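In: Prediction below, plus the sequence it came from.
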Amino acid sequence: MNQVAKRNEVPQENRWKLEDLYPNQSAWDAEFAKVKSLIGEISAYQGKLQDAASIARCFALDDDISLLTERLYVYANMRHHEDTAEPSYQALSDKSKKISVEVSEATSFITPEILSLTEKQLSGLIADPAVAKYKRTLEEMLRQKPHTLSKNEESLLAQVGNVSQAPGTIFGMLNNADLKFPKVKNDKGEEVELTHGRYIQFLESKNQEVRRDAFKAMYDTYGKWRNTLASTLNANVTKNIFYAKARHYPSALEMSLFGDNIPQSVYDNLISTIHEFLPLMHRYMDLRKKLLKLDELHMYDLFAPLVEEFDMEISYEDAKKKVYESLAPLGEDYRKVLQEGFDGGWIDVYENEGKRSGAYSWGAFGTHPYVLLNHNDNLNSMFTLTHEMGHALHSYYSDNNNEYRDAQYTIFLAEVASTLNEALLMNNLLEKSTDPKEKMYLLTYYADQFRTTVFRQTMFAEFEKIIHEKAEKGEALTPQELSSIYYDLNVRYYGKGMVVDKDIEMEWARIPHFYTSFYVYKYATGFSAATSFAKQILDEGQPAVDRYLGFLKSGGKDYSINILKKAGVDMSSPEPIRQAMSVFEGLIEQMEQLTK
């Protein structure tokens, strides 16, 4: 089928069942009207949040409004994602966004008003049985209190909000709109303009010359803008330091970790443990050099295919079967829910005209989760299916075992369940594979995930930590200084067997994540935690499965670190990262065996 189907041509069994959220448009409209009336009710509490009974009633109403608004928003936007060109759903999406803003404004008095109470009053409230259901919310407010300023200062900081977005906005415009790259020759010898989207395609070329030319063209272009790009990154670092000082945090890093209540030792431990295992990365680079039959391995050879393209055609039905089979170690209860998701209208499967690209798992408390896919019959799509179903089942267990307020898990935990599913699928495929070519293809696919998600993201996290610490000491972050720090990190991470080309020193200039500071470490910790869980489940069986299901059921009713620790993964210790590294070492050993 070469023609992309229109939405109304998609068979019912391949569509999600949004009717489970609202049976029809009039049900949505009725709930919208209800939220409008509840907004009026909550304003009556303003100025009255002094005692436990008033606070409990206000919180209960806030939960009602929040839950209904979430449902309205999720439904409207998922309808919009089915066909982004459909005007009635565009309008519905806009309507849901506006009511969300109204709700935020109407309830914005609650936190500052409670925080205006003294610590003694707050501690007394926490102990009051009338607000027992909201104990965690109040404890969290008490924890935030030292970093919450007076009403006037908070108002001033809110007004600075738009200004503080400037570094990221300017970088985005420069990077996505203004930067123009030269033409380079592709595999066929044709001159093609280099773009962000085409860059990786060039680096995946079998021709080293094509890879090198694209690499040089990319970083030469950034090099010409080095002063401007260093200024924007500097401005972002300065902004972070300003907020950290204004809110009385010891450092920008500690401020960013405070929200999830992550001790800095978790961040530092990730970096130091990965340093310990850099010889494994160097060994993988030596293997890459051998497989590519190169005298020298360069930075532009990191994406070159190690095996001839191995075409794995996997239909959606086959993908479901393989995913179901691979998750057997998680037990029958888990697989029963998974099957319910496959059969029960959770998934919107194929691309159609106007449908939002990519994939996600989403939903609203009180109904089952949903998954949007744009499935192609290949290995990547099968991994996307198991990944998104990992998110969906995490939400399912979390919603079914917690009150609304405690059900939402943090970003720090979000990638664990999805990545664990991928690890179990990969394990199953490797065990079953009898074709050495297929096995090598799978091993390469998995080993590169370790390289990009654990090693590379940790290197980014280390770069962010170094530049913030330097700025906090009053040192200047010149373009030369940024490039020198970044180049040295690459030498350290990739090892002596790799030619670390000088051009790579400008890579810091093109990483958008550096404008969402201290975020990338979560990719590495999430991947390590998931790999550690998978290893425990495969090694220990039922006790580890029980701990893991306990993790899924915990939602957000405790701090992320505690939830993981209870389930047997202590991210403040090197152990989970070591377990992940032992899996990585196993992959390298299998690859070395196959190349003998």
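Out: Received, thanks. Computed from a predicted model, the values in this text were never measured in an experiment. Numbers count the residues shown, from 1 in each chain.
In: wait, what's in contact with the closest residue to residue 563 other than its chain neighbours?
Out: Leaving aside its sequence neighbours, residue 563 sits nearest to residue 554 (C-beta to C-beta, 6 or more residues apart in numbering; 4.6 Å). To be clear about C-beta, it is placed using only N, CA and C from the backbone, and glycine gets the same treatment. Counting by C-beta atoms under 8 Å, 6 or more residues apart in numbering, residue 554 touches 398, 401-402, 409, 563, 566-567.
In: 10 Å instead, please
Out: 394, 397-398, 401-402, 406-407, 409, 413, 560, 562-564, 566-567 (C-beta atoms under 10 Å, 6 or more residues apart in numbering).
In: do residue 363 as well
Out: So residue 363 contacts 20-21, 70-71, 74-75, 78, 346, 369-371, 391-392, 395-396, 399 (C-beta under 10 Å, 6+ apart).
In: Can you say which of those are buried?
Out: Neighbour counting with 16 or more other C-beta atoms under 10 Å marks 21, 70-71, 74-75, 78, 346, 369-371, 391-392, 395-396, 399 as buried within those.
In: Where does pLDDT dip in the stretch 51-200 of the chain?
Out: Along the stretch 51-200 of the chain, the model assigns pLDDT under 70 to no residue.
In: what do you get if the cut-off is 90, keeping everything else the same?
Out: 108, 112, 118-119, 148-163, 176-177, 197 (pLDDT under 90).
In: Strands of that one, start to end?
Out: For the stretch 51-200 of the chain, applying DSSP state E, counting those that start in this stretch gives strands covering 183-185, 191-193.
In: just checking, what packs against the worst-scoring helix or strand of the chain on mean pLDDT?
Out: The helix or strand of the chain with the poorest confidence is helix 151-164; it has a mean of 85 (mean pLDDT, DSSP states H and E). If you count contacts as 3 or more C-beta pairs under 10 Å, 6 or more residues apart in numbering; DSSP states H and E, helix 151-164 packs onto helix 110-115, helix 226-246.
In: so the last one versus helix 151-164, what angle?
Out: On the basis of axes from the mean of the first three to the mean of the last three C-alpha atoms, to 10 degrees, helix 226-246 is oriented at 170 degrees to helix 151-164.
In: any idea of the mean pLDDT for helix 226-246?
Out: Helix 226-246 carries an average pLDDT of 97.
In: If you count neighbours, what's buried in that helix?
Out: 226, 229-230, 232-237, 239-241, 243-244.
In: That helix: what's the following helix or strand?
Out: Where DSSP states H and E defines the elements, the next helix or strand beyond helix 226-246 is helix 252-258.
In: what does that following helix rub up against?
Out: Residues contacting helix 252-258 (C-beta under 10 Å, 6+ apart): 143-144, 147, 237-249, 251, 262-268, 412, 461, 464-465, 468-469, 471-472, 516-519, 521.
In: and what of stretch 86-96?
Out: Contacts of stretch 86-96 (C-beta under 10 Å, 6+ apart): 7, 25, 28-29, 32, 69-84, 354.
In: show me the contacts for residue 121.
Out: 50-51, 114.
In: so how far is residue 135 from the residue nearest to residue 563?
Out: Look at residue 554 and residue 135: by C-beta to C-beta, to the nearest Å, they are 16 Å apart.
In: give me phi/psi at residue 405?
Out: phi -60, psi -30 (degrees, to the nearest 10).
In: Of all the helices and strands packed on helix 151-164, which one comes closest to residue 536?
Out: helix 226-246 (36.3 Å; C-beta to C-beta).
In: Let's see that closest one as CSV, backbone CA atoms only.
Out: Output in CSV follows, covering the C-alpha atoms of helix 226-246 (Å, rounded to 0.1, in the frame of the first residue of the first chain):
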residue,chain,number,x,y,z
ARG,A,226,31.6,29.9,17.9
ASN,A,227,31.5,33.3,19.6
THR,A,228,27.8,33.7,19.3
LEU,A,229,27.1,30.1,20.4
ALA,A,230,29.4,30.4,23.3
SER,A,231,27.6,33.6,24.4
THR,A,232,24.2,31.9,24.2
LEU,A,233,25.4,28.8,26.2
ASN,A,234,27.0,31.2,28.7
ALA,A,235,23.8,33.2,29.1
ASN,A,236,22.0,29.9,29.9
VAL,A,237,24.6,29.0,32.6
THR,A,238,24.3,32.6,34.0
LYS,A,239,20.5,32.3,34.2
ASN,A,240,20.8,29.0,36.1
ILE,A,241,23.2,30.5,38.6
PHE,A,242,20.9,33.5,39.0
TYR,A,243,17.9,31.3,39.9
ALA,A,244,20.0,29.1,42.2
LYS,A,245,21.2,32.1,44.2
ALA,A,246,17.8,33.8,44.2
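In: on contacts alone, who are the packing partners of it?
Out: Against helix 226-246 (3+ C-beta pairs under 10 Å, 6+ apart) you get helix 151-164, helix 166-173, helix 252-258, helix 457-472, helix 479-494.
In: Go through those helices and name the closest to residue 293.
Out: helix 479-494 (19.0 Å).
In: What is that closest one packed up against?
Out: The contact analysis (3+ C-beta pairs under 10 Å, 6+ apart) places helix 479-494 against helix 226-246, helix 264-276, helix 278-291, helix 457-472.
In: please redo it, this time with the cut-off set to 6 Å
Out: helix 226-246, helix 457-472 (3 or more C-beta pairs under 6 Å, 6 or more residues apart in numbering; DSSP states H and E).
In: which other helices and strands contact the shortest one?
Out: Applying 3+ C-beta pairs under 6 Å, 6+ apart, one finds that helix 457-472 contacts helix 264-276, helix 479-494, helix 521-540.
In: buried stuff in the longest one?
Out: Of the residues in helix 521-540, those buried under the neighbour-count criterion (16+ other C-beta under 10 Å) are 521-537.
In: Quick check: residue 38 vs residue 45, distance?
Out: Taking C-beta to C-beta, one finds residue 38 at 12 Å from residue 45.
In: ok, now residue 392?
Out: 36 Å.
In: what about residue 211, neighbour count?
Out: Neighbourhood size, residue 211 [other C-beta atoms under 10 Å]: 22.
In: so what's it scoring on pLDDT?
Out: 97.
In: Need the three-state assignment for it.
Out: helix (DSSP: H, G, I helix; E, B strand; the rest coil).
In: Local confidence estimate at residue 497?
Out: 88.
In: no, scratch that, I was asking about residue 2
Out: You'll see residue 2 listed with a pLDDT of 58.
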